[in-house]
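Participant: Test case, fold it:
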Amino acid sequence: MKLTTVTHISVDGVMQGLGGPNEDRRGGFERGGWALPLLDDESEMFLGQIFQRADAFLFGRRTYEIFAGSWGTGSWGTDQGSNPISAALNAQPKYVTSTTLTDPRWADTTVLSGDVAGAVRELKATPGGELQVHGSGGLVRWLFDKQLVDEITLLTYPVVVGQGTRLFPATGPDTALELFDSRATSNGVTIQVYRPSGRPQYAT
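Facilitator: A predicted model of the protein is given here:
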């Protein structure tokens, strides 16, 4: 399987608390819910198609708990017949990286601890299409640092949030990206699909 990441970000790179005002208030973040007002039918259809491509999902602990509460045991999880996201999440195996989670309540969940990099490499070596990572900013940055990411999908919303956790930190590894797909929706959400292609070239 190839490891793909799917991230919703603002123009200034914020990915924190996109879904609602109380989704993630870490660090005094007070501007949650910035993405949903801009999510249009085209974006929802694209996301549904992405989720349907997944053969397995990989989450960080915090995102896993948000998804489990919404799509697993929450009201969205009971709407599997008409919602492709719910159907995919509840049908496919889920993996969560955590050193503290011992009893996951969402069915078909495996906790990865210890040698997480080795476990992810084993998952990638299994037959299948995509091992997808949604949200999970800390995990995405870690996977990126370990050069385990094969494809990056960014949904960039036309808003500057002005505070909050960014997808990439101020300093980190440098990587060149090859643009594989690009489109824009009627609400101005731009969708780019990139593949890492080694080190960037710098002018001399």
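
Participant: Could you list the buried residues of stretch 88-100?
Facilitator: Across stretch 88-100, burial judged by 16 or more other C-beta atoms under 10 Å covers 88-90, 92, 94-98. Using the backbone N, CA and C atoms, a C-beta is placed for each residue, glycine as well.

Participant: wait, isn't Leu36 in contact with Glu23?
Facilitator: No. Leu36 is beyond contact range of Glu23, at 10.1 Å (criterion: C-beta atoms under 8 Å).

Participant: neighbour-wise, which of these two wins?
Facilitator: Glu23 (16 against 12; other C-beta atoms under 10 Å).

Participant: now that one: how far from Ile152?
Facilitator: Shown here: Glu23 relative to Ile152, a distance of 22 Å by C-beta to C-beta, to the nearest Å.

Participant: Now the spatially most central residue of the chain: closest residue in space that isn't a chain neighbour?
Facilitator: For the chain, the residue nearest the mean C-alpha position is His134 (1.9 Å; C-alpha atoms, centre = their mean). Nearest non-adjacent residue to His134, counting by C-beta to C-beta, 6 or more residues apart in numbering: Val6, 5.0 Å away.

Participant: for Leu154, what are its contacts?
Facilitator: 7, 9, 167, 190-194 (C-beta atoms under 8 Å, 6 or more residues apart in numbering).

Participant: Tabulate these (a markdown table), appending distance to Arg121, secondary structure and neighbour count.
Facilitator: Formatted as a markdown table, the contacts of Leu154 follow (distance: C-beta to C-beta, whole Å; DSSP: H, G, I helix; E, B strand; the rest coil; neighbours: other C-beta atoms under 10 Å):
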| residue | distance to Arg121 | secondary structure | neighbour count |
| --- | --- | --- | --- |
| Thr7 | 22 | strand | 20 |
| Ile9 | 27 | strand | 21 |
| Leu167 | 23 | coil | 19 |
| Thr190 | 32 | strand | 14 |
| Ile191 | 28 | strand | 18 |
| Gln192 | 26 | strand | 16 |
| Val193 | 23 | strand | 18 |
| Tyr194 | 21 | strand | 19 |
